[in-house]
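Asker: Got a predicted model here, sequence first, then my questions.
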Amino acid sequence: MAELEALLFDVDGTLANTERDGHRVAFNAAFREAGLDWDWDPALYGRLLSVTGGKERIRYYLDRFRPDFIPPADLDGLIAGLHRAKTRHYTALLRQGGIPLRPGVKRLLEEAVGAGLRLAVATTTTPDNVSALLETTLGSGSDGIFELVAAGDIVPSKKPAPDIYVWVMERMGLGPQQCLALEDSHNGVCAVLDAGIRSLVVTVNDYTRGQDFTGAGLVVDGLGEPGESPRVLGGAVESLAQVDLAVLRQVHRVAWQDG
Ligand code: XBP
Ligand code: MG
């Protein structure tokens, strides 16, 4: 069995709960600014999250929820412009100190760096959003702890397609057996598994709790901090103090021991 060499992190919902109070708010601000009466409340946004990627999500909203909307000749241009504005609002919101990392994320990153593991980001969100989140939570230059930040439109198909994980592994010269991925959603789990990565930890949040995580080695409601244990919702162990490197190595071992 190959050694665990790299941790691949999703961003939205995994590193931080960015969706309800971050991305959603930024989409609405962009719509308002453009004079549109579109407003995504938290419940509607939960339904829209079935589609990853901001531009794709706007298009899905129009197709599915706004049959009344008469598209302009340049619908792609309208969506691209709205999305640029949304990124501006989202990064500004982060710079106001809007969104913290989830508990245990900083601890686990530090432990992984200390142990010499290779780290990468695999996300559908826009690269500027990842930089802003890392800078405002871990400090400027902190994206340097990640050997590779793979984000946004660099691959043609976003999650649940496996493309972003395949791209990361190719770039880093890694095979699926050397990687463990951390995700928060069903779409993320599909992307990981279809890329051939079997060792997978899911940290659920309010939007993803109850989704299908079949194939994940461990499902928890967070990584936990000392004295604040996460709830185990599925997987190899019944309870644990916190998700640390020893737990990740165990998930990796169990995932590959039969093949
Ligand atoms: C995250 C997303 C992202 C953000 C918006 O999915 O779906 O699209 O909601 O980002 P995952 P952009 O966590 O599975 O990667 O607007 O920058 O596309
Ligand atoms: Mg996610």
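Answerer: All right, it came through fine. Ligands and ions are numbered 1, 2, ... in the order given.
Asker: can we go C-alpha only for contacts and neighbour counts from here?
Answerer: OK.
Asker: Looks to me like residue 157 is in a strand.
Answerer: No - assigned with DSSP: H, G, I helix; E, B strand; the rest coil, residue 157 falls outside any strand and is coil.
Asker: Excluding covalently adjacent residues, which one is nearest to residue 234?
Answerer: In this structure, residue 234 finds its nearest non-sequential neighbour in residue 219, 4.8 Å apart by CA to CA, 6 or more residues apart in numbering.
Asker: Spit out the contact partners of the one you found.
Answerer: Contact partners of residue 219, counting by CA atoms under 8 Å, 6 or more residues apart in numbering, are 201, 202, 203, 204, 213, 232, 233, 234, 235.
Asker: Mind putting those residues into JSON lines with neighbour count?
Answerer: As requested, the contacts of residue 219 are exported to JSON lines (neighbours: other CA atoms under 10 Å):
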{"residue": "201", "neighbour count": "28"}
{"residue": "202", "neighbour count": "27"}
{"residue": "203", "neighbour count": "25"}
{"residue": "204", "neighbour count": "23"}
{"residue": "213", "neighbour count": "25"}
{"residue": "232", "neighbour count": "19"}
{"residue": "233", "neighbour count": "17"}
{"residue": "234", "neighbour count": "17"}
{"residue": "235", "neighbour count": "18"}
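Asker: Go through the residues you listed and flag which are in strands.
Answerer: Cross-referencing the contacts of residue 219 against strands under DSSP state E gives 201, 202, 203, 232, 233, 234, 235.
Asker: Where does the stretch 151-259 of the chain get nearest to ligand 2, which residue?
Answerer: residue 184 (5.0 Å; CA to the ion).
Asker: For that residue, report the pLDDT, please.
Answerer: You'll see residue 184 listed with a pLDDT of 98.
Asker: Ligand 1 next: which of the ones in strands among the contacts of residue 219 are close?
Answerer: Checking these against ligand 1 by CA under 6 Å from any ligand atom, not one of them is in range.
Asker: List phi and psi for residue 87.
Answerer: Backbone torsions of residue 87, given as degrees, to the nearest 10, read phi -60, psi -40.
Asker: gap between it and residue 241?
Answerer: 37 Å (CA to CA, to the nearest Å).
Asker: Comparing those two, which shows the higher neighbour count?
Answerer: Comparing residue 87 with residue 241 by other CA atoms under 10 Å, the one with more neighbours is residue 87, at 21 against 15.
Asker: Alright, I will stop here.
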